[in-house]
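1. coords below, sequence missing:
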Ligand code: SAH
Ligand code: SF4
Ligand code: F3S
């Protein structure tokens, strides 16, 4: 576990929080003999995980100690996700379960933040029906956590701050890398794409890119601390750089990150096919640290569904990208996100999705049944497809993918790959190679967090190999 403090690059409003950090630290020290504990629970995507790392960084600066359990905690925070109904359901229940801790310890501060509360109707429900929640804050004000805690400790009963200013980024917020030898670096925030099913643009606000110097500074800090895998984050990394006062785009940024000294692998998420350029693929080919894997969500194989999703590409243009990528990097693997049962998806539409899955041969898929998100255009589209039909399609998709994934894995037998070793159990080391594939081989525990060259001997659910060095 490494603690990384980002340096202040572009100022932008964090300085005033330093005062609150000091004040909170003083109050906490004066109130309690032992170190106060904070428990942060995170739902949703890597963006949220990264936000939580910054919130944890702030909590540590204020003098809290991090804890995995709510029992005994003095501060409990839920960082929420709104992307599908299921994500929200879990939060209602889990925040509700905190009532008992609050009853036992009235000084406990309970906070809820993130994408779900950024929607006013949800924030209102917390305000009305969850009186034991003290602090509610949205996706663009997390850096003000010290101020919120200070105000609560100073007697303000409840704090609710949901400002979406959309202009600029607050740099200099400390972050705590709890990912061990893996690190996240956000390169942009928000999304301007407004895919018709998606809540993200409404809860995360407009697209804003970080200056390349801020990104590189974080990458350097992580690399210097020994991190072996760096994931560049954004809802649409391919449109990185828009609105910045420098000659930059994602392809160029990737080259800059690649030239940071250190033995680490670069991953990035997420690429939108509509902005996936040959320039980026050239960059991936030329950057030796970039993994040979591209996560390129296509959502549906049907052009008419894609049009109604507002995705701005077609099955054929998607296949062109795959071909262009394979031309440059023949061993490239692909993963994708798919939504099954978009409103009025016909049987023919769904067949097109299966066709695309077969044509590309993805190593893995993240598959979702469409979930209606209030306030998005798709929420008002008529939908004659029944839940049962959607369920049947979902199962068919999974079965098709299972076959395809096996083929991809079988194609790896005999190759030598570079595995980042993640776990050790009973004489076996488990990790991921440069294609994002899971590999297992017999080895020692001290390989964890290091790279190992492994020759692949067989392919089952995962790849099995032998270490060569
Ligand atoms: N920015 C990323 C996706 C972020 S959300 C991109 O454009 O690829 C992650 C995934 O959740 C999406 O790719 C989509 O497959 C799924 N998703 C988003 N909204 C959804 C909804 N309303 N119902 C079901 N799945 C959804
Ligand atoms: Fe949502 Fe589309 Fe933006 Fe991805 S690109 S976050 S799916 S609106
Ligand atoms: Fe969820 Fe927000 Fe990420 S809605 S998927 S946590 S951007």
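-> Perfect, I can see it now. For clarity, every value in this text was computed on a predicted model and none was experimentally measured. Residues are numbered from 1 along each chain as shown. Ligands and ions are numbered 1, 2, ... in the order given.
2. hey, let's count contacts and neighbours off CA atoms from now on
-> Will do.
3. any idea whether the residue of the stretch 1-150 of the chain found nearest ligand 2 is helix, strand or coil?
-> Closest residue of the stretch 1-150 of the chain to ligand 2, CA to the nearest ligand atom: residue 83 (8.5 Å). Three-state call for residue 83 (DSSP: H, G, I helix; E, B strand; the rest coil): coil.
4. Kindly report the same for the one 5 residues further on.
-> State at residue 88, reduced to three classes by three-state DSSP: helix.
5. what helices or strands is the top helix by length along the chain leaning on?
-> As assigned by DSSP state H, the longest helix anywhere in the chain is helix 387-410. On a contact count with 3 or more CA pairs under 8 Å, 6 or more residues apart in numbering; DSSP states H and E, helix 387-410 meets strand 333-340, helix 347-360, strand 364-369, strand 451-459.
6. and the residue of the stretch 301-450 of the chain found nearest ligand 2, what pLDDT?
-> Closest to ligand 2 within the stretch 301-450 of the chain is residue 311: 7.1 Å, counting by CA to the nearest ligand atom. At residue 311, the model reports a pLDDT of 97.
7. Let the chain start at 5 from now.
-> Noted, 5 is the first residue going forward, which turns the last one into residue 315.
8. right, and it touches residue 278 too?
-> Yes: between residue 315 and residue 278 there is a contact under CA atoms under 8 Å: 7.3 Å.
9. Can you lay out the helices and strands packed on helix 391-414 as JSON lines showing mean neighbour count?
-> JSON lines is the format used below for those (neighbours: other CA atoms under 10 Å):
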{"stretch": "strand 337-344", "mean neighbour count": "20"}
{"stretch": "helix 351-364", "mean neighbour count": "17"}
{"stretch": "strand 368-373", "mean neighbour count": "16"}
{"stretch": "strand 455-463", "mean neighbour count": "20"}
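10. Reformat those as CSV; add mean pLDDT and distance to ligand 3.
-> Formatted as CSV, these follow (pLDDT from 0 to 100; distance: least, CA to the nearest ligand atom, whole Å):
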stretch, mean pLDDT, distance to ligand 3
strand 337-344, 98, 12
helix 351-364, 98, 22
strand 368-373, 97, 12
strand 455-463, 98, 29
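11. What's the separation between the residue nearest to the residue of the stretch 5-154 of the chain closest to ligand 2 when sequence neighbours are not counted and ligand 2?
-> In space, and not counting its chain neighbours, residue 87 is closest to residue 203: 6.1 Å by CA to CA, 6 or more residues apart in numbering. To ligand 2, residue 203 is 6 Å away according to CA to the nearest ligand atom, to the nearest Å.
12. For residue 203, the count of nearby residues, please.
-> By the measure other CA atoms under 10 Å, the count of residues near residue 203 is 24.
13. just checking, it touches residue 382?
-> No: with contact defined as CA under 8 Å, residue 203 does not reach residue 382; the gap is 10.3 Å.
14. isn't there a strand covering the residue of the stretch 305-454 of the chain closest to ligand 2?
-> No: with three-state DSSP as the criterion, residue 315 is located in coil rather than a strand.
15. tell me the contacts of it?
-> With CA atoms under 8 Å, 6 or more residues apart in numbering as the criterion, the residues that contact residue 315 are 197, 199, 278.
16. can you check residue 195 too?
-> 204-205, 208-211, 239-240.
17. hey, where'd the helices end up in the stretch 105-254 of the chain?
-> 119-122, 124-133, 149-157, 204-208, 216-228, 254-262 (DSSP state H, counting those that start in this stretch).
18. Looking at those, which one is packed in the most?
-> Across those, averaging neighbours per residue (mean count of other CA atoms under 10 Å) puts helix 119-122 on top, at a mean of 26.
19. Give me the distance from it to the chain's centre.
-> Relative to its chain's centre, helix 119-122 lies at 16 Å (CA atoms, centre = their mean, to the nearest Å).
20. Which strands and helices lie in contact with that helix?
-> The elements that helix 119-122 packs onto, with contact taken as 3+ CA pairs under 8 Å, 6+ apart, are strand 79-84, helix 124-133, strand 139-141, helix 204-208.
21. could these be laid out in a markdown table, adding mean pLDDT and distance to ligand 3?
-> Formatted as a markdown table, these follow (pLDDT from 0 to 100; distance: least, CA to the nearest ligand atom, whole Å):
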| stretch | mean pLDDT | distance to ligand 3 |
| --- | --- | --- |
| strand 79-84 | 98 | 6 |
| helix 124-133 | 96 | 13 |
| strand 139-141 | 98 | 13 |
| helix 204-208 | 97 | 5 |
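22. can I get those in CSV with distance to residue 308?
-> Listed next are the helices and strands packed on helix 119-122 as CSV, based on distance: least, CA to CA, whole Å:
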stretch, distance to residue 308
strand 79-84, 32
helix 124-133, 32
strand 139-141, 38
helix 204-208, 22
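23. residues from this structure in reach of ligand 2?
-> 195, 197-199, 202, 204-205, 239-240 (CA under 6 Å from any ligand atom).
24. between those, which is nearest residue 141?
-> residue 204 (16.2 Å; CA to CA).
25. any weak-confidence spans in this protein?
-> Along the chain, segments meeting pLDDT under 70 span 5-17.
26. Contact residues of it facing ligand 3?
-> 48-49, 51-52, 85-87, 119, 204.
27. How about the residues of the stretch 105-254 of the chain by ligand 1?
-> Taking CA under 6 Å from any ligand atom as the contact definition, the stretch 105-254 of the chain meets ligand 1 at 201-202, 239-240.
28. Try it again at 5 Å.
-> 201-202, 239 (CA under 5 Å from any ligand atom).
29. just to revisit the earlier point, out of the contacts of residue 315, who's the most crowded?
-> residue 199 (20 neighbours).
30. Distance-wise, check the closest residue in space to it that isn't next to it in sequence relative to residue 385.
-> Spatial nearest neighbour of residue 199, excluding adjacent residues (CA to CA, 6+ apart): residue 314 at 5.0 Å. The spacing between residue 314 and residue 385, counted by CA to CA, to the nearest Å, is 13 Å.
31. Next: residue 104.
-> For residue 104, the distance to residue 385 equals 41 Å [CA to CA].
32. got it, and residue 269?
-> Taken as CA to CA, the span from residue 269 to residue 385 is 42 Å.
33. Who has more neighbours out of these two?
-> residue 269 (21 against 15).
34. Kindly list the main-chain dihedrals of that one?
-> Main-chain dihedrals, residue 269, degrees, to the nearest 10: phi -100, psi 140.
35. Which of the residues of the chain next to ligand 3 sits closest to residue 292?
-> Checking those against residue 292 by CA to CA gives residue 51 as the nearest, at 25.0 Å.
36. Provide the secondary structure category for residue 310.
-> helix.
37. Isn't it up against residue 320?
-> No: with contact defined as CA under 8 Å, residue 310 does not count as touching residue 320 (11.7 Å).
38. When the two are compared, which one has more neighbours?
-> Neighbours per residue (other CA under 10 Å) separate residue 310 from residue 320, with residue 310 holding more: 21 against 12.
39. Which residue, other than its chain neighbours, is closest to the more buried one?
-> Residue 310's closest residue in space is residue 304 (CA to CA, 6+ apart), at 6.2 Å.
40. mind listing what that neighbour touches?
-> With CA under 8 Å, 6+ apart, residue 304 has these contacts: 310, 342-344, 353-354, 356-357.
41. One more pass at 7 Å, please.
-> 310, 342-343, 357 (CA atoms under 7 Å, 6 or more residues apart in numbering).
42. just residue 269 next, same as before
-> Counting by CA under 7 Å, 6+ apart, residue 269 makes contact with 232-234, 293-295.
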